[in-house]
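Novice: Requesting a structural model of the entry that follows:
(one chain, ligands or ions: 2)
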Amino acid sequence: MSEPIRVVVTGAAGQIAYSLLYIIANGEVFGKDQKLVLTLLDIPPMMGVLEGVVMELHDCAFPLLTEVIPTADPAVAFKDVSAAFLVGAMPRREGMERKDLLSANVKIFKVQGEALNNHAKKDVKVLVVGNPANTNALICSHFAPSIPKENFTAMTRLDQNRARAQIAQRLGTDISNVKNLIIWGNHSATQYPDAANGTANGKPVTDLVEASYLQSDFVTTVQKRGAAVIAARKMSSAMSAAKAAADHIRDWWHGTESGRFVSMGVVSDGSYGIPKDIVFSFPVEIKNKQWKIVQGLKLDSFARSKLDITTKELLEEKEEAMAVCNGN
Ligand SMILES: NC(=O)c1ccc[n+]([C@@H]2O[C@H](COP(=O)([O-])OP(=O)(O)OC[C@H]3O[C@@H](n4cnc5c(N)ncnc54)[C@H](O)[C@@H]3O)[C@@H](O)[C@H]2O)c1
Ligand SMILES: O=C(O)CC[C@H](O)C(=O)O
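Specialist: Ligands and ions are numbered 1, 2, ... in the order given. Below you'll find the model as predicted:
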């Protein structure tokens with residue numbers, strides 16, 4: 001059994017955290033031999049609810065959980081953390097526009113970037129789940145200059161999982177047989193879910209599924225899945241978001257198997273002609289806790305036009321977010 005590591009979950013009294021905390025504390029992210037100290041951050045009015053979550057965590061009797069620290073103070077929450085799940089933010093509800101979220105949520109990530117900068121381990125692995133996730137991750141990194149920007153990522157794993165589920169259902173095969181679907185760009189309705197490199201039972205998805213579906217309904221279903229869940233549940237997706245957050249950090253911590261890639265929002269280095277310094281979802285491979293963008297994949301003109309749309313949205317979001325953070 002190794003020494004405990006400290007892991008923070010923000011928005012710990014919320015919906016996603018309620019599913020996520022179980023998965024983390026049960027050893028399914030950092031491993032069954034990794035003891036954990038969990039710090040749980042939420043805002044002061046939620047401290048009562050958070051107390052209940054803490055009681056339940058104790059009552060689960062998780063062997064790996066050595067301590068649980070609920071707090072409303074970022075300095076306490078981020079102290080010496082090795083991994084950070086930044087979930088806490090307002091979710092979009094029916095009738096709200098995505099833009100309504102940006103100005104409210106982006107400020108949270110400025111504060112938390114500063115807190116990470118001042119209190120976290122310098123090799124902390126940060127996953128931003130709170131929306132607009134890509135731009136929040138960029139802001140967080142911007143305000144944490146002492147931590148390498150490679151350590152800040154945004155969650156598009158839920159979109160990847162959604163894409164896999166759509167293809168598996170269409171082919172009537174197990175989801176574990178469907179690999180290497182890619183999410184490019186923003187975690188929003190402009191993302192481009194791309195099956196061009198995907199395989200199902202070892203065969204190219206493009207040989208098994210009609211191009212007309214892959215270029216239309218497949219793309220729009222995945223793009224709009226979050227909105228469809230909100231319309232049905234009247235609340236944003238939570239169980240599936242928690243599972244995806246756990247998948248994301250588990251793969252970052254333990255690595256990806258050879259030949260298999262996963263999608264993560266990472267600070268662009270200019271790969272595939274995407275402008276530097278926006279958080280863009282790319283296919284990555286992971287080894288020794290370092291991700292690398294998969295290079296050399298072919299993008300046809302259809303794919304390229306989709307990447308242009310999502311890039312434009314991310315550049316606009318960046319400008320808007322910087323203006324909010326600078327008080328303009
Ligand atoms: N990237 C993705 O794939 C994805 C998927 C689903 C949801 N989301 C986003 O995740 C976020 C959380 O969703 P949820 O359903 O858990 O929402 P929720 O409203 O149930 O919970 C959010 C929690 O965050 C807390 N919070 C607010 N400001 C905070 C702050 N400054 N510090 C710490 N905690 C704070 C709230 O008090 C609340 O307890 C939303 O922004 C949602 O849109 C992202
Ligand atoms: O607000 C949305 O449209 C999406 C909410 C969430 O990010 C999801 O993908 O389920």
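
Novice: Who are the contact partners of residue 72?
Specialist: Each residue near residue 72 by Cβ atoms under 8 Å, 6 or more residues apart in numbering is listed here: 41-44, 46-47. In this view, the C-beta of every residue, glycine as well, is placed from N, C-alpha and C.

Novice: Among those, which one sits closest to residue 176?
Specialist: residue 41 (34.4 Å; Cβ to Cβ).

Novice: my guess is the closest one meets residue 7, correct?
Specialist: No - checked against Cβ atoms under 8 Å, the pair residue 41 and residue 7 is beyond contact range at 11.5 Å.

Novice: Of those two, which one has the most company?
Specialist: Comparing residue 41 with residue 7 by other Cβ atoms under 10 Å, the one with more neighbours is residue 41, at 28 against 24.

Novice: ok, now how distant is the more buried one from residue 11?
Specialist: 8 Å (Cβ to Cβ, to the nearest Å).

Novice: Now list whatever residues contact both of these two.
Specialist: residue 88.

Novice: and the next element down the chain from the one helix or strand residue 232 maps to?
Specialist: Counting by DSSP states H and E, the element that carries residue 232 is helix 225-233. Using DSSP H and E, the helix or strand that directly follows helix 225-233 along the chain is helix 239-254.

Novice: quick one: buried residues of that next one?
Specialist: For helix 239-254, a neighbour-count test (16 or more other Cβ atoms under 10 Å) marks 240-253 as buried.

Novice: isn't residue 293 right next to residue 282, touching?
Specialist: Yes - at 4.6 Å, residue 293 and residue 282 qualify as touching, with contact defined as Cβ under 8 Å.

Novice: Spit out the residues that contact the two alike.
Specialist: 266, 271.

Novice: These two: which is more packed in?
Specialist: Taking neighbours as other Cβ under 10 Å, residue 293 and residue 282 compare with residue 282 leading, 26 against 19.

Novice: does residue 188 count as helix, strand or coil?
Specialist: coil (DSSP: H, G, I helix; E, B strand; the rest coil).

Novice: whoops, residue 90 was the one
Specialist: Quick answer, by three-state DSSP: residue 90 is coil.

Novice: quick one, what contacts it?
Specialist: Contacts of residue 90 by Cβ under 8 Å, 6+ apart are 101, 104-105, 130.

Novice: try 10 Å this time
Specialist: If a contact means Cβ atoms under 10 Å, 6 or more residues apart in numbering, then residue 90 has 11, 14, 96, 100-101, 104-105, 108, 130-131, 236 as its contacts.

Novice: same thing with residue 63?
Specialist: By Cβ under 10 Å, 6+ apart, the neighbours of residue 63 are 1, 25-27, 32, 35.

Novice: Overlap in contacts, residue 41 and residue 7.
Specialist: Common neighbours of residue 41 and residue 7 (Cβ under 10 Å, 6+ apart) are residue 84.

Novice: Any idea which helix or strand in the chain has the lowest mean pLDDT?
Specialist: Within the chain, no helix or strand scores below helix 98-119, which has a mean of 93 by mean pLDDT, DSSP states H and E.

Novice: Now do that one: which elements does it pack against?
Specialist: strand 2-10, helix 74-77, strand 83-86, strand 125-128, helix 133-142, strand 152-154, helix 301-325 (3 or more Cβ pairs under 10 Å, 6 or more residues apart in numbering; DSSP states H and E).

Novice: between the ones you listed, which gets nearest to residue 209?
Specialist: So among the helices and strands packed on helix 98-119, helix 301-325 is nearest, using Cβ to Cβ, at 15.2 Å.

Novice: Show me what the closest one is packed against.
Specialist: helix 98-119, helix 133-142, strand 182-184, strand 192-194, helix 217-223, strand 279-287.

Novice: what about stretch 192-212 and ligand 1, any contact?
Specialist: No - judged by Cβ under 6 Å from any ligand atom, stretch 192-212 stays clear of ligand 1, getting no closer than 13.1 Å.

Novice: can you tell me which residues contact the residue nearest to residue 71 when sequence neighbours are not counted?
Specialist: In this structure, residue 71 finds its nearest non-sequential neighbour in residue 77, 5.2 Å apart by Cβ to Cβ, 6 or more residues apart in numbering. By Cβ under 10 Å, 6+ apart, the residues touching residue 77 are 6, 8-10, 12, 39-42, 69-71, 84, 88, 112, 115-116, 119-120.

Novice: List only those of those flagged as buried.
Specialist: For the contacts of residue 77, a burial check counting by 16+ other Cβ under 10 Å picks out 6, 8-10, 12, 39-42, 70-71, 84, 88, 112, 115-116, 119-120.

Novice: how close does whichever residue of the stretch 201-328 of the chain sits closest to ligand 1 sit to residue 77?
Specialist: Of all residues in the stretch 201-328 of the chain, residue 241 sits closest to ligand 1, with a separation of 3.6 Å (Cβ to the nearest ligand atom). From residue 241 over to residue 77 the distance is 20 Å, taken as Cβ to Cβ.
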